[in-house]
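Trainee: Sequence first, predicted coordinates after that:
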Amino acid sequence: MKDAIKLYLDLCSIQRPLDRQDQLRIVLESEAVLGILAFCAAGSAELVSSETLVFEAGRTPDEKRKKHSISALSLSRVFVKLSASIEARAKQLQNEGLKTMDSFHVASAEHGHAEYFCTCDDRLIKRTKTLKSVKMKMGTPVELAEEIERWKSK
């Protein structure tokens, strides 16, 4: 296996295991997220965290979800602080059609040199895949789990 893959999980993916498990997709994504976090805890992948993630997690009203998010983020080996360059990139991404928080997450992930951005937000995935300026891979937790398996076999 080559060096550890760098991953950025947005808050909706981090919190997926706490969602109602009444749809097969949610169950599969929940299991994938837990596996990805275990992979990070074992040092086989590098989790990239950011000031944006910490800010958003801190705004979570449900204490169980907040604690879960902070616990997951504590596994990160790379922490991206907000900077003028991240703000400028986020503004550019907003001008290209991303929502404000999404733009800050993508800009933070790029700044942290994440190779993969994981989200459960289908619209965000679809939108970023049309942007030529976004170079990192984007996908769901299940797609990321599959990508990790490919990465491990290299």
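Mentor: Looks like it came in fine.
Trainee: what ranges do the strands span in this protein?
Mentor: Under the criterion DSSP state E, the chain contains strands at 5-9, 45-50, 78-80, 116-118, 137-139.
Trainee: List just the one of those that sits closest to Leu34.
Mentor: Closest of the strands of the chain to Leu34 is strand 5-9, at 11.6 Å (criterion: CB to CB). For the C-beta atoms, the positions are set from N, CA and C on the backbone; glycine is no exception.
Trainee: Quick one: distance of that closest one to the chain centre.
Mentor: In this view, strand 5-9 has its centroid 7 Å away from the chain centroid, taken as CA atoms, centre = their mean, to the nearest Å.
Trainee: Adding distance to Asp62 and mean pLDDT, write the strands of the chain out as CSV.
Mentor: Written out in CSV, the entries for the strands of the chain read as follows (distance: least, CB to CB, whole Å; pLDDT from 0 to 100):
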stretch, distance to Asp62, mean pLDDT
strand 5-9, 18, 95
strand 45-50, 20, 96
strand 78-80, 24, 97
strand 116-118, 21, 97
strand 137-139, 26, 96
